[in-house]
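Undergrad: what follows is a predicted protein model with its sequence.
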Amino acid sequence: MACLFGSLCLFFFTISATSSGQITNEKRTKKNEILILTYNVRNCHGLDDSTNYQRVADIIIRINPQIVAIQELDSATLRSNGMVALNELAVRTGMYSAYGPTINYLGGKYGNGVLCKEKPLSWKSVPLPGREEKRSLLIVEFEDYIFCCTHFSLNAEDRLKSSEIINELFNESIKPVFLAGDLNSLPDSDPVKNIQKKWLMLNNSLNQTIPADYPRRCIDYIFALKNTKHSYKVEKTMVEKEPLASDHLPVWVLVNIKK
């Protein structure tokens with residue numbers, strides 16, 4: 001496919017989203033920097049068997065990202081007592097939200113979401129294979145960049161096919177494109193290697209992300225689409241120590257983007 005969004009080829013890049021507070025209590029982002037967080041929150045159900053939206057929201061507030069890729073979110077299900085998890089997080093963090101339901105589940109929906117400080121221009125979900133459970137890629141467009149959130153299948157063949165679909169969706173674009181999420185794949189796996197043919201890994205895959213109470217594997221990632229119009233420099237990346245809020249750990253990068 002040439003371009004998923006027509007506007008990918010309309011705008012020259014200028015990052016306009018800046019942070020209103022501190023970045024992990026250290027420094028504010030500059031105009032050409034963006035702090036990206038990915039977090040599989042397990043519907044805000046922690047390892048202490050408690051569902052706590054405020055606890056997850058407090059983690060996001062402390063990290064203070066411009067944008068967050070969130071996986072495993074119930075929307076008005078019986079399991080969540082009719083609560084819409086992404087809305088709960090959006091209200092508590094004061095951020096905009098975009099939801100990409102993947103399956104119907106217990107009277108409601110279940111899928112991926114994005115929280116952002118800048119109001120999105122548009123968003124859509126692209127189906128991805130998942131034989132044990134349907135999967136999807138949530139694509140959110142902003143004035144100056146495109147942001148994608150996903151959660152890959154537990155099946156190896158489906159994960160590899162998902163990586164191929166994502167690689168076909170995007171060619172070189174004038175806007176930067178970011179991809180973040182839980183790929184259910186180790187760094188040396190075929191799906192991750194395939195993604196890296198077209199995407200630059202921004203987080204450090206030596207930092208383990210799961211299980212949260214005793215991390216032994218990295219399966220959560222943040223990527224930037226490779227092209228000749230932008231270069232990326234990671235100023236800092238971190239896996240936060242959060243042993244209770246979810247079974248995954250929050251992963252973030254502060255990246256400098258240059259034309």
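TA: Received, thanks. Numbering: from 1, shown residues only.
Undergrad: ok, the closest residue to residue 109 other than its chain neighbours to residue 112 distance?
TA: Sequence neighbours aside, residue 101 is the residue nearest to residue 109 in space, at 3.7 Å (criterion: Cβ to Cβ, 6 or more residues apart in numbering). In short, each C-beta sits where N, CA and C put it, glycine included. Separation of residue 101 from residue 112 (Cβ to Cβ, to the nearest Å) stands at 8 Å.
Undergrad: neighbour count for the two, which is higher?
TA: Using other Cβ atoms under 10 Å as the criterion, residue 101 and residue 112 rank with residue 112 on top: 27 against 19.
Undergrad: same for the host helix or strand of the more buried one, what does it pack against?
TA: Per DSSP states H and E: residue 112 is located in strand 108-116. With contacts defined as 3 or more Cβ pairs under 8 Å, 6 or more residues apart in numbering; DSSP states H and E, strand 108-116 has these neighbours: strand 67-75, helix 85-93, strand 96-105, strand 122-128, strand 135-141, strand 146-151.
Undergrad: would you map the strands across the stretch 151-259 of the chain?
TA: Taking DSSP state E, counting those that start in this stretch to define them, one finds strands in the stretch 151-259 of the chain at 177-182, 199-201, 220-225, 231-239, 251-258.
Undergrad: helices or strands next to the shortest one in the packing?
TA: This points to strand 199-201. Under the contact definition 3+ Cβ pairs under 8 Å, 6+ apart, strand 199-201 sits against strand 220-225.
Undergrad: and the strand it packs on, how far from the chain's centre?
TA: Taking Cα atoms, centre = their mean, to the nearest Å, one finds the center of strand 220-225 at 8 Å from the center of the full chain.
Undergrad: one more: stretch 41-58?
TA: On Cα atoms, centre = their mean, the centre of stretch 41-58 falls 17 Å from that of its chain.
Undergrad: mind listing what's buried in it?
TA: 41, 42, 43, 44, 45, 46, 51, 53, 55, 56, 57 (16 or more other Cβ atoms under 10 Å).
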